[in-house]
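**Student:** Pasting the sequence and the predicted coordinates here, then a few questions.
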Amino acid sequence: MKKNNMTIYSNKKIANSIFEMVLEGEIVYDIERPGQFVHIKTADESPFLLRRPLSICDADKKAGRMTVIYRAGGAGTRLFAEKKAGLSLDVLGPLGNGFAINGTEVGKRAVLVGGGVGVPPLYGLAKALTTKGINVVTVLGFNDADTIFYEEKFKELGDVYTCTVDGSAGYKGMVTDVMKREHIDCDWLYACGPKPMLRALECQYPEAKGSLSLEERMGCGIGACLACVCHLQEDPSGREYRKVCSDGPVFPWREIAL
Amino acid sequence: MKKNNMTIYSNKKIANSIFEMVLEGEIVYDIERPGQFVHIKTADESPFLLRRPLSICDADKKAGRMTVIYRAGGAGTRLFAEKKAGLSLDVLGPLGNGFAINGTEVGKRAVLVGGGVGVPPLYGLAKALTTKGINVVTVLGFNDADTIFYEEKFKELGDVYTCTVDGSAGYKGMVTDVMKREHIDCDWLYACGPKPMLRALECQYPEAKGSLSLEERMGCGIGACLACVCHLQEDPSGREYRKVCSDGPVFPWREIAL
Amino acid sequence: MNRLETNLPGLSMENPIMPASGCFGFGEEFAKLYDLNELGAIALKGTTQEARYGNETPRVAETSSGMLNAIGLQNPGVETVINEKLSWLEKYTVPLLANISGSTMEDYERTAAALSAHKRVCALELNISCPNVKEGGITFGTDPELAAELTKRVKTVSHVPVYVKLSPNVTNVTTLAKAVEKAGADGLSMINTVTGMKIDIQTGRPLLANGTGGLSGPAVKPIAIRMIYEVRQATDLPIIGMGGISSVEDVIEFFMAGANAVAVGTANFTNPFICLELIEGLEKWATEKSLSNIQDLHINEVKTS
Amino acid sequence: MNRLETNLPGLSMENPIMPASGCFGFGEEFAKLYDLNELGAIALKGTTQEARYGNETPRVAETSSGMLNAIGLQNPGVETVINEKLSWLEKYTVPLLANISGSTMEDYERTAAALSAHKRVCALELNISCPNVKEGGITFGTDPELAAELTKRVKTVSHVPVYVKLSPNVTNVTTLAKAVEKAGADGLSMINTVTGMKIDIQTGRPLLANGTGGLSGPAVKPIAIRMIYEVRQATDLPIIGMGGISSVEDVIEFFMAGANAVAVGTANFTNPFICLELIEGLEKWATEKSLSNIQDLHINEVKTS
Ligand SMILES: Cc1cc2nc3c(=O)[nH]c(=O)nc-3n(C[C@H](O)[C@H](O)[C@H](O)COP(=O)(O)OP(=O)(O)OC[C@H]3O[C@@H](n4cnc5c(N)ncnc54)[C@H](O)[C@@H]3O)c2cc1C
Ligand SMILES: Cc1cc2nc3c(=O)[nH]c(=O)nc-3n(C[C@H](O)[C@H](O)[C@H](O)COP(=O)(O)OP(=O)(O)OC[C@H]3O[C@@H](n4cnc5c(N)ncnc54)[C@H](O)[C@@H]3O)c2cc1C
Ligand SMILES: Cc1cc2nc3c(=O)[nH]c(=O)nc-3n(C[C@H](O)[C@H](O)[C@H](O)COP(=O)(O)O)c2cc1C
Ligand SMILES: Cc1cc2nc3c(=O)[nH]c(=O)nc-3n(C[C@H](O)[C@H](O)[C@H](O)COP(=O)(O)O)c2cc1C
Ligand code: FES
Ligand code: FES
């Protein structure tokens, strides 16, 4: 883990409020797995003290570049959206453990389910899985047609089912609806998105192998402040717990109380 | 008085920590006199709430441009120094009353005395006076050779005496020392600089006509908050007072308790 | 339909947004910038019985997302306020909230009686919390019994409703709020500034001539929201909320915390047009949300956390 | 010559800079980033008798130049702290300040006795001010008599010097400081967080699961400076100052206000290397100023304003 001034190689809008930013710098060489994240400072002299956690979407170690995709929703990410190529950002990372894919077997199928800005880390995962020879099917859920991104990119790696809440593109409804309707069952299931989506998936596929990636508001991002803890299903008392930033953000299914 | 997004036409370093910035915008057309000032917001999303007051150094109504000269000393002015041409700044102005020169008579001599970043408003004043046919002599005081600016520009308008505190350029010493040594006496005296300088001048030239420009920490800059008040020499009780931002920043000699 | 119309004791307002006391003088300077009648109300500069010069300068200092001020209640005294400031304000119809301060209870009573008798004054705001006055002032704001007695006495002489402006520099703001409610206050204003200090590291001395000053601006907003929320659980008195407001989102947050109107202070210095912009923005937001009146934001109010 | 060397009761420090309690865990995470022995000391995460999970999430919220936290004193309990955290810390020589909390006086006593007996613990920091614990905690910090009694009882059982960490959420911090001084405190830590709240305007409910939280960061610095300055006029007890420190200038300001050492909390989240950078920057500044020791900053201290 490093703290690095990374140079913005590109930063462009790819959907409504959604931006793709490519960053160059040493942190790229430390990335171990898809699903890890970086913690980015918003600006130099800024009233926003906390860094913003963003998943690493893709990494190209040869070029020394990595991609993050973010929704410019709040004050800090809106500052990111204004930054031009050539400027630099103060980045802490890579953080967290990422998706473990060593259990998966060649020839088997992995289903990747992403909701909104939960989609980005699945792209790196999809690449890692296909490289290993695993069949990848992706289910992408968005609010509406305007916020869809990376659909084509995932299509290069396998079948893609896209749905929107308002039906303005793809299937209408939730990812779990589509998966039921299309009888998508999964040996391995990987997911990232809002908690209700993860909860519905865990309920619908109670036997799934694989893992999910969680979001939580963070302070330090490195495991020291206990801002980001979550309960274990096995221990509702809270005596045992996990930290999303350092134990996660990726956890096995049925470990975390969602 | 307007609140305007002014475009930065140029912004360059002209001495150690000293920058000259040329701004374009409607505010220029409202400028009435040299010695008025503008109140500039440091940045959009910034922990610095207060605007920075800077004197108008020069105004070119034909081109729609005005010049300010500032020392990038604190957090806010350092942000100004980083701004590139083409960007815009949120400017409130013109504010304050400026130098009145209607009393001066053609053929008479006016001595302008500036200390450090008190020099800028005197440049516009020198131009106005020479345009009117008044003889201008300028006495400029700086800390050292590295912080001297606009010496040449003033020379185009009349005689210039430059001094530095450490003697690294021009006369060594204070402006009042030089003036004594060179027997500069003045029908009209105009000054802007640190309070001790103004006090010394007032003491040395107890009969001078003309005016001085004051600095004070400001809140609103428009006369509403009473942050910037000063006492009158005639009324030490404070029942009467003046506001530097709206009654000043320029006052007649011997009006304000320095 | 006027979605922003807000009626509080003494204050029939077109909208719930007013400049905060001390940040707007008596309106003369801002009248050159816009029509004062656009405002919901105006909280006037704190007024005392006698004229006061206040503290020496520097009187303001900048801090992270905030500022310190130690003006020290400079004002021309109640007589001049009535003869010059209020008569000048007669050409406007915007409701006026007269902010009063004093060193003794008698001071407050006399100033309150005089100001509240003026036809343009719709309500009084008792500043019992100004931290920049050495005698009197601060004690009233931190001692529930003194605050209650002062409120009672001012209520007796006042011709208009009385809002008490609470200090955040207390262990328990709810105790104060309940004490002045019981004493007959018609409403609360909160919060005043938080006592703070900045030291000039070049000199090793406090930057403000007065030593300490009052902290205001976005830095204190979480404190204001917490205190308003706490007090809202304990009383139904109308609350004029303030402390760091600079955006429409802030205004909404104050309403959700329990405020019935808001005052904007420091933000007027950053942007002299802020009050107008907030009124416009709030109107737009209420329209988008199909809120028939801004006070409906209180319907969902959570009465216990 | 070590210009930064600082000796306070129990704490023989190479420099006066330490991470603040709760912002650095027990050092394990930061040990991956730098050598903990570079620090002046470490204030450990608040520890209670029994393990605690703390509050539900969200536990942090961002505010202008500040943040709110409501961790709720999550910690593994004193036994585990001793067996796992402190034994892990045995490989370091940096002085440790063990921060303790509790719901009852007995809790504090037992935790204090156990922790202070550990050879790595050089001093205790009594957190009587954590605003995020429902029972006990907050009362101790706002009532001078309770604070004094607690201090006395902990002093009786403790094997090491005791620093009392004061709450800013009080009307008069000096009264508290004097009360614990009289009760035998060896030093003071100040300030803890200021109680605040943020409301999520999408839901109309507090953003933190706990409702309120503690405000920290540069936003509160003027409050910290003011309180340290006030307390410094009233006592000669050593003060560990904290609240919004994020630059060398801030450290100097705290010293000038009256602090003898400083703790850095929130800034570790913005920049995990901040403590090291401050130590380096302070050393450089002291050298430039030819200050033979950083404590000399107190020589010019103004004892009354
Ligand atoms: C491990 C992890 C990976 C993430 N990956 C991505 C990603 O790849 N793309 C993406 O668009 N978003 C991602 N998020 C969510 C992203 O961190 C937030 O949307 C972002 O921090 C919001 O910042 P803001 O300035 O827009 O909002 P503000 O409202 O200004 O944020 C205020 C504070 O709240 C925090 N916050 C607000 N919303 C969230 C949230 N949903 N999760 C965590 N913290 C939040 C911010 O970090 C900040 O501290 C991820 C979150 C986590 C925890
Ligand atoms: C009427 C007037 C005209 C001025 N004209 C010029 C000019 O032409 N060129 C120039 O370089 N400077 C000028 N100054 C001084 C200039 O305003 C300050 O140097 C500047 O505000 C400092 O800001 P900062 O961000 O560097 O410092 P910071 O320390 O970050 O400032 C913090 C706060 O203190 C205020 N402040 C600090 N120093 C001063 C000061 N000396 N006077 C007033 N406020 C101060 C700032 O405005 C801000 O509110 C003028 C001041 C006044 C009142
Ligand atoms: C420069 C200044 C002067 C003030 N004068 C007064 C005053 O005279 N009477 C009063 O009750 N409050 C006074 N206040 C407090 C404000 O009315 C308000 O309560 C406080 O600033 C918080 O709001 P804000 O953060 O929006 O500024 C003053 C505040 C400032 C900044
Ligand atoms: C996330 C977090 C957790 C904290 N936990 C504790 C704690 O356990 N015990 C304690 O005494 N103070 C705790 N504090 C308070 C800090 O030690 C410090 O007093 C306060 O944050 C002010 O300093 P800062 O502005 O540098 O953060 C905590 C602060 C934060 C931000
Ligand atoms: S964010 Fe600090 S422990 Fe996870
Ligand atoms: S700065 Fe507000 S009155 Fe002058």
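**Tutor:** Everything's here; your move. This is a predicted model, so every value here is computed, not measured. Ligands and ions are numbered 1, 2, ... in the order given.

**Student:** report the longest strand in the chain, please.
**Tutor:** Reading this off chain A. strand A:2-15 (DSSP state E).

**Student:** ah, no, chain C please
**Tutor:** Per DSSP E, chain C has its longest strand at strand C:121-127.

**Student:** So that one, near ligand 3 or not?
**Tutor:** Yes. Using CB under 6 Å from any ligand atom, strand C:121-127 comes into contact with ligand 3 via C:N127. C-beta here means a position set from N, CA and C on the backbone, and glycine is covered the same way.

**Student:** so for that strand, what's the average pLDDT?
**Tutor:** Here strand C:121-127 scores 97 as its mean pLDDT.

**Student:** Those residues of chain C touching ligand 5, which are they?
**Tutor:** By CB under 6 Å from any ligand atom, no residue of chain C approaches ligand 5.

**Student:** now the helices: where do they sit in chain C?
**Tutor:** In chain C, the helices defined using DSSP state H lie at C:28-31, C:78-80, C:87-88, C:105-116, C:137-142, C:144-157, C:173-182, C:221-234, C:248-257, C:267-270, C:274-288.

**Student:** And the stretch 101-250 of chain A, by the same measure?
**Tutor:** With DSSP state H, counting those that start in this stretch, the ranges of helices along the stretch 101-250 of chain A come out as A:120-132, A:151-155, A:175-181, A:195-204.

**Student:** Specify the stretch among the helices of chain C that is closest to ligand 4.
**Tutor:** Across the helices of chain C, ligand 4 has its closest neighbour in helix C:221-234 (12.9 Å, CB to the nearest ligand atom).

**Student:** Return the list of helices and strands in contact with the closest one.
**Tutor:** Secondary-structure packing of helix C:221-234 (3 or more CB pairs under 8 Å, 6 or more residues apart in numbering or on different chains; DSSP states H and E): helix C:173-182, strand C:187-190, strand C:239-241, helix C:248-257, strand D:194-196.

**Student:** How much space separates C:L176 from ligand 1?
**Tutor:** Going from C:L176 to ligand 1 by CB to the nearest ligand atom, to the nearest Å gives 32 Å.

**Student:** And for that residue, the neighbour number?
**Tutor:** Burial of C:L176 is recorded as 28 neighbouring residues (other CB atoms under 10 Å in any protein chain shown).

**Student:** try A:F99
**Tutor:** 25.

**Student:** And A:S168, by the same measure?
**Tutor:** 14.

**Student:** need the contact list for the closest residue to C:T63 other than its chain neighbours.
**Tutor:** With CB to CB, 6 or more residues apart in numbering or on different chains as the criterion, C:T63 has its nearest non-adjacent residue at 4.8 Å, and that residue is D:P222. Going by CB atoms under 8 Å, 6 or more residues apart in numbering or on different chains, D:P222 touches C:63, C:66, C:68, C:194, C:196-198, C:215, C:219.

**Student:** got the helices of chain C as TSV, with mean pLDDT and distance to D:Q74 columns?
**Tutor:** What follows is the helices of chain C, written out as TSV (pLDDT from 0 to 100; distance: least, CB to CB, whole Å):
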stretch	mean pLDDT	distance to D:Q74
helix C:28-31	97	50
helix C:78-80	96	55
helix C:87-88	98	59
helix C:105-116	95	48
helix C:137-142	73	34
helix C:144-157	95	36
helix C:173-182	97	28
helix C:221-234	97	22
helix C:248-257	97	27
helix C:267-270	98	37
helix C:274-288	97	38
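
**Student:** how about those helices in JSON lines, adding distance to B:I101?
**Tutor:** Shown next, in JSON lines, are those (distance: least, CB to CB, whole Å):
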{"stretch": "helix C:28-31", "distance to B:I101": "26"}
{"stretch": "helix C:78-80", "distance to B:I101": "34"}
{"stretch": "helix C:87-88", "distance to B:I101": "32"}
{"stretch": "helix C:105-116", "distance to B:I101": "44"}
{"stretch": "helix C:137-142", "distance to B:I101": "46"}
{"stretch": "helix C:144-157", "distance to B:I101": "52"}
{"stretch": "helix C:173-182", "distance to B:I101": "56"}
{"stretch": "helix C:221-234", "distance to B:I101": "47"}
{"stretch": "helix C:248-257", "distance to B:I101": "46"}
{"stretch": "helix C:267-270", "distance to B:I101": "31"}
{"stretch": "helix C:274-288", "distance to B:I101": "36"}
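
**Student:** Done for today, thanks.
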